[in-house]
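> Give me coordinates for this.
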Amino acid sequence: MNLHNQDDYALVEQYIAGDKACIEVLISRHKNRVYTYILLIVRNPQLAEDVFQDTFIKVIKSLNKGKYYDKGKFLSWVLRIAHNLIIDHYRKQKLLNTVPNESGDMDLFNNRKLSEHNVEEAMVHDQVMSDVRMLVDLLPDDQKQVVYLRHYCGLSFKEIADQTGVSINTALGRMRYALINMRKMVKDKQLSLTMS
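Numbering: from 1, shown residues only. Next comes the predicted model:
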């Protein structure tokens, strides 16, 4: 049976049983969503690439050690690993950003305004991003596609039009309706999408 036709659960089981090709299929299947999720949070392509690689290294190690428990929810499990690695990164960055000032003068390096996000800010950011992803997922497919291509993949409206086979005006219109729908959903669900 073709590996690409099997679901995640079957591929994980076969990988654990010794078929190493299954992990390549799983990574290939989910790499875009995992990378996009990471990039959406860290907003730095180089850092996103590093976290992405670390995520799948940890996935492979966890599978090899028999530490996969979310049967049938492989992508959610991978995203949770990525999320935890992102939080670990910000914690380490916060520790690295505290430099003692021996001279006793004004301590520019320990200025909170100049430091990276603290854990609370990272959690608020993650919640806002989660809410935005939830809103995007509720959009009609044509609007959802334009939002993903524009904001998650960074394509221009011309590139979106070419890729989806519609005119630029149609792509712009879909984005406009997506924003209108998302604003309405924010109001209806009484969400707060502010970072501060």
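
> tell me how far the helix or strand of the chain with the lowest mean pLDDT is from the chain's mean position?
Scoring the helices and strands of the chain by mean pLDDT, DSSP states H and E places helix 119-138 at the bottom, with a mean of 75. Relative to the mean C-alpha coordinate of its chain, helix 119-138 is positioned 10 Å out (CA atoms, centre = their mean, to the nearest Å).

> Output that helix as CSV, restricted to C-alpha atoms.
C-alpha atoms of helix 119-138 as CSV (Å, rounded to 0.1, in the frame of the first residue of the first chain):
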residue,chain,number,x,y,z
VAL,A,119,6.7,34.7,29.3
GLU,A,120,3.4,36.5,30.1
GLU,A,121,3.7,38.6,26.9
ALA,A,122,4.5,35.4,24.9
MET,A,123,1.5,33.7,26.3
VAL,A,124,-0.8,36.6,25.5
HIS,A,125,0.7,36.7,22.0
ASP,A,126,0.2,33.0,21.6
GLN,A,127,-3.5,33.3,22.7
VAL,A,128,-4.1,36.2,20.2
MET,A,129,-2.5,34.2,17.4
SER,A,130,-4.6,31.1,18.4
ASP,A,131,-7.7,33.2,18.3
VAL,A,132,-6.8,34.7,14.9
ARG,A,133,-6.1,31.2,13.5
MET,A,134,-9.5,30.0,14.8
LEU,A,135,-11.2,32.9,13.1
VAL,A,136,-9.3,32.2,9.8
ASP,A,137,-10.4,28.6,10.0
LEU,A,138,-14.0,29.7,10.3
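
> Give the other helices and strands that it contacts.
Helices and strands touching helix 119-138, by 3 or more CB pairs under 8 Å, 6 or more residues apart in numbering; DSSP states H and E, are helix 21-42, helix 74-96, helix 141-147, helix 168-189. (Glycine included, C-beta is placed from N, CA and C.)

> so can I have TSV of these showing mean neighbour count?
Conversion of those to TSV gives the following (neighbours: other CB atoms under 10 Å):
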stretch	mean neighbour count
helix 21-42	18
helix 74-96	16
helix 141-147	18
helix 168-189	15
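
> sorry, back to before: report the inter-axis angle for the least confident helix or strand of the chain versus helix 168-189.
120 degrees (axes from the mean of the first three to the mean of the last three CA atoms, to 10 degrees).

> where does residue 75 land on pLDDT?
Note on residue 75: pLDDT of 85.

> Contact partners for it?
8, 30, 33-34 (CB atoms under 8 Å, 6 or more residues apart in numbering).

> Compare the mean pLDDT across the helices and strands packed on helix 119-138 and name the weakest.
helix 74-96 (a mean of 83).

> So if we follow the domain assignment, how does this protein break up?
Following automatic domain parsing, one gets these domains for the chain: 1-116, 119-196.

> Thanks a lot, see you next time.
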